[in-house]
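Peer 1: build me a model from this:
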Amino acid sequence: MKLSANFSVAELSKTNVRQFDNTPSRQVIDNLQQLVDNVLQPLRDKFGQVTVTSGYRSPEVNKAIGGSGTSDHCKGFAADIEIGGKDNKELAQYIRDNMEFTQLILEFYIPGVPDSGWVHVSFDKGNLKKQCLTASKAGGKTVYSNGI
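Peer 2: Down below sits the predicted model:
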């Protein structure tokens, strides 16, 4: 099922965790549609190819990969993305400065290594709080700091 000219439900719900069903419900598909319409397709129109490394995750898939129990991925609100040839910090800054979103996380970016980490972005039209965070590892744990 196509969500836009460049994004499909299949692309946004693909997973390597095969032992669990990852088929999105109608509500999740509606949420993915909002994410595509307001974030992913506009990014594609501006920059070209947008790679979604993780989109919708069923609660079982999310748990299997160690995702947060409150992850927006489980509701179809979030995607982890990269754009080939675009510095992930610059991508996060562009989204921060030019788009509406619920949460934006620059995850595991290493300064000076443009393709390190990835960008997590979520869009829940009922909660466009524009929260910006940076995730890093400290002592083997993920630590979140405010800002990009």
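
Peer 1: helices of this protein, start to end?
Peer 2: 9-12, 26-35, 41-47, 59-64, 88-98 (DSSP state H).

Peer 1: spit out the contact partners of the most centrally placed residue in the chain.
Peer 2: Closest to where the C-alpha atoms of the chain average out (C-alpha atoms, centre = their mean) is A79, at 2.1 Å. For A79, the contact set (C-beta atoms under 8 Å, 6 or more residues apart in numbering) comprises 12, 35, 39-40, 52, 54-55, 73, 120-122. Every C-beta, even on glycine, is put in place using the N, C-alpha and C of the backbone.

Peer 1: between those residues, which is nearest I95?
Peer 2: Distances from I95 to those, taken as C-beta to C-beta, are shortest for V121 (5.8 Å).

Peer 1: neighbours of the closest one, how many?
Peer 2: By other C-beta atoms under 10 Å, 26 other residues sit near V121.

Peer 1: also V28?
Peer 2: 21.
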